[in-house]
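Participant: Pasting a predicted model and its sequence here:
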Amino acid sequence: MFVYGLAKKNTVLGISSAHETARSTMINKTILQVFAVAAFLGSEACLDSNVQQSATNPLRWDILVPDTASMARAWEFPRDPRVDTAGLTEPMTGKVLRGFFLFTNTSELTLGFTGGTMTCNNCHPNGGQREGAMPLVGVDRVFPEYNKRAGRVFTLEERIVGCFMRSINATGTKNTTVTVHHENNLNGATLSPECGEVEDLVAYIRWLSWNRTIDGTLPWRGHYQLPASSLLGLEKLNPKLGRRLFLEKCSNCHGEDGQGVFIGDKRPGPLWGSNSWNDGAGAARTYTFAGMIRYMMPYMDPGSLTDEEALHIAAFITSQPRPSFPYKDNDYLKEKIPTDAVYYKQLYAKNPLSPK
């Protein structure tokens, strides 16, 4: 359930993350250190389509970390721009490097666009390069793509804006100089497809699949849904049973309070509460989240849970309080609201899974 990304014990270029009480000051120092390196390397331009291939095989990296990998490999990146930028021009190297740091330390380096402590790496571990855990290698090749929630085609940049708004909870930012609008009304918004943070993340994601021959169907994408025959009606899901299963099978890493336990210098992202994703995120949908649990978790033994166990655990987690996405009334205007969107008042006056 949302694995090892940012933890307060993490370091970025040797600069320790701040404790919450001094977070802003240390974040600014960290940004300067990271961006200074990136600025030295350069910050403009695009992937050089005419670049010479490196002398070694450009596919020498294993494309994905296997889902059987142990915790010892939780911070491993098959493609790592800190040590390998083969084929990139110097200006683009800076963008990819910044995108990597933003991906793995999102709430630290994009304070204005975050309302909690989630990172991109929590949902897409190993820098988006872990098998069976929503890897992003090659995903740039499927965009533009239709987005049901918005009722229109999204570019990759717009999809990242949506992730910031919902999974990173940018709408909960306390930075009064930042304006965040719904994806269908981005005029005048600070968080936009053109902002530097989004551009750098796009550069990193595109670099993950650069110069690689990848099947256009992306065999590792879109295989996290439970079969319709396994789904139970919301009224048949048991959050109390889900809690018992969570304590038995998930709490060693996620803690009884769902906020994550430090394992070395790494910590899972919070599964509920003020620092978690908001109720407009895809992971706030019960069936969607159950599929993620079923195929991604437990971290050391993914796929060991049954469909029903995953459903009950998801029911427990999506019964918990989390930040509110303020623009839910603008979602699903052209599509039917999914029945598992339990936080949507257009469907339910009260979350049907919440304690009675």
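Facilitator: Done, it's in. Residues are numbered from 1 along each chain as shown.

Participant: Okay, now the unreliable bits of this structure?
Facilitator: Within the chain, the ranges that satisfy pLDDT under 70 run 1-62.

Participant: Would you map the helices across it?
Facilitator: With helices called from DSSP state H, the chain shows them at 23-41, 90-104, 106-109, 120-123, 125-128, 156-166, 196-209, 239-249, 251-254, 286-296, 307-317.

Participant: Reformat the ones you listed into CSV and put mean neighbour count and distance to Pro323 next to each item.
Facilitator: (Each C-beta comes from the backbone N, C-alpha and C, glycine too.) Putting the helices of the chain into CSV (neighbours: other Cβ atoms under 10 Å; distance: least, Cβ to Cβ, whole Å) gives the following:
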stretch, mean neighbour count, distance to Pro323
helix 23-41, 16, 18
helix 90-104, 23, 21
helix 106-109, 25, 13
helix 120-123, 27, 15
helix 125-128, 26, 22
helix 156-166, 23, 10
helix 196-209, 22, 20
helix 239-249, 18, 19
helix 251-254, 19, 18
helix 286-296, 24, 16
helix 307-317, 25, 14
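
Participant: Just tell me which of those ends up closest to Leu333.
Facilitator: Closest approach to Leu333 among the helices of the chain (Cβ to Cβ): helix 156-166, 15.0 Å.

Participant: helices and strands around the closest one, which ones?
Facilitator: If you count contacts as 3 or more Cβ pairs under 8 Å, 6 or more residues apart in numbering; DSSP states H and E, helix 156-166 packs onto strand 145-147, helix 196-209.

Participant: Format these as a markdown table; extra columns: distance to Phe154.
Facilitator: Below are the helices and strands packed on helix 156-166 laid out as a markdown table (distance: least, Cβ to Cβ, whole Å):
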| stretch | distance to Phe154 |
| --- | --- |
| strand 145-147 | 4 |
| helix 196-209 | 12 |
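
Participant: Starting from Leu232, give me the distance back to Gly255.
Facilitator: Remark: distance between Gly255 and Leu232 (Cβ to Cβ, to the nearest Å) = 27 Å.

Participant: got it, and Tyr327?
Facilitator: Taking Cβ to Cβ as the measure, Tyr327 falls 30 Å from Leu232.

Participant: what's the answer for Arg149, then?
Facilitator: Per Cβ to Cβ, Arg149 is found 24 Å from Leu232.

Participant: which one of those two has more residues nearby?
Facilitator: Neighbours were tallied for Arg149 and for Leu232 using other Cβ atoms under 10 Å; the higher tally belongs to Arg149 (23 against 17).

Participant: what's near enough to touch the more buried one?
Facilitator: Applying Cβ atoms under 8 Å, 6 or more residues apart in numbering to Arg149 gives the contacts 162, 183, 331-332, 335.

Participant: Could you tell me which of those residues count as buried?
Facilitator: 162, 183, 331-332 (16 or more other Cβ atoms under 10 Å).

Participant: Now do the contacts for Pro270.
Facilitator: 116-118, 258-260, 276.

Participant: Just those residues: which are in strands?
Facilitator: Taking DSSP state E, every one of those sits outside strands.

Participant: Out of those, flag the one nearest to Pro193.
Facilitator: Closest approach to Pro193 among the contacts of Pro270 (Cβ to Cβ): Met118, at 20.5 Å.

Participant: Neighbours of the closest one, how many?
Facilitator: 27.

Participant: was I right about it contacting Trp277?
Facilitator: Yes. Using Cβ atoms under 8 Å, Met118 is in contact with Trp277, at 5.9 Å.
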